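Chemist: here is the input, now give the coordinates:
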Amino acid sequence: MIHHGGCFCGAVRFACAGAPINVRICHCRNCQKAMGSPYFARALFSHEALTIHGETARFPSSDALDRMFCPRCGTRLFSWRNTRPVVGVALACFDDPNAFRPTEHIWTSARIGWVSLDDGLPQFPENPA
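Modeler: Here you go, the predicted model:
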């Protein structure tokens, strides 16, 4: 199955082939700052499962990870791993934002205090093993 999505202005479109490796909500401070929100809800795919149409820009948020976004509208789209061949795709950027349901919360040790986690999903203070 192919899942499509894109940025706010439509200049960047993408397609993800197959099922994601995992679907998580990350509460780490880097994701909070990069996304401008309390967390980053994303589906993880292999690099080769993702096809991107349109120009993207990158910001290296660490040695391991580049944040990719639309240079026209600023939509934050992907977290591109440089140390492993995987990419996190923002769930809200899929044409069907309900296509994937998160299965766990990670980095809850950095959760913003006013965020209530009452969805019953497993919670991990850092990355799960």
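
Chemist: other SSEs contacting the helix or strand bottoming out on mean pLDDT in the chain?
Modeler: Scoring the helices and strands of the chain by mean pLDDT, DSSP states H and E places helix 29-35 at the bottom, with a mean of 94. Counting contacts by 3 or more CB pairs under 8 Å, 6 or more residues apart in numbering; DSSP states H and E, helix 29-35 is packed against strand 40-46, strand 76-81. Where you see a C-beta, it was placed from the backbone N, CA and C, and this is true even at glycine.

Chemist: shouldn't Pro122 be in contact with Pro102?
Modeler: No - using CB atoms under 8 Å, Pro122 is not in contact with Pro102, being 10.2 Å away.

Chemist: how about residues contacting the least confident helix or strand of the chain?
Modeler: For helix 29-35, the external contacting residues (CB atoms under 8 Å, 6 or more residues apart in numbering) are 38-40, 59, 61-62, 65, 67, 76, 79, 90, 107, 110, 112.

Chemist: identify the farthest-apart pair in those.
Modeler: Phe59 and Ile112 (21.7 Å; CB to CB).

Chemist: how far out from the middle of the chain is the host helix or strand of His105?
Modeler: Element membership of His105 [criterion: DSSP states H and E] is strand 104-106. Strand 104-106 sits 13 Å away from the centroid of its parent chain (CA atoms, centre = their mean, to the nearest Å).

Chemist: quick one: buried residues of it?
Modeler: Buried residues in strand 104-106, counted by 16 or more other CB atoms under 10 Å: 105-106.

Chemist: what's in contact with it?
Modeler: So strand 104-106 is in contact with 22, 24-28, 39, 111, 117, 121-124, 126-128, going by CB under 8 Å, 6+ apart.

Chemist: what's the end-to-end length of stretch 76-92?
Modeler: End-to-end distance of stretch 76-92 (CA to CA, to the nearest Å): 10 Å.

Chemist: buried set for it?
Modeler: Neighbour-count burial for stretch 76-92 [16+ other CB under 10 Å]: 76-80, 86-91.
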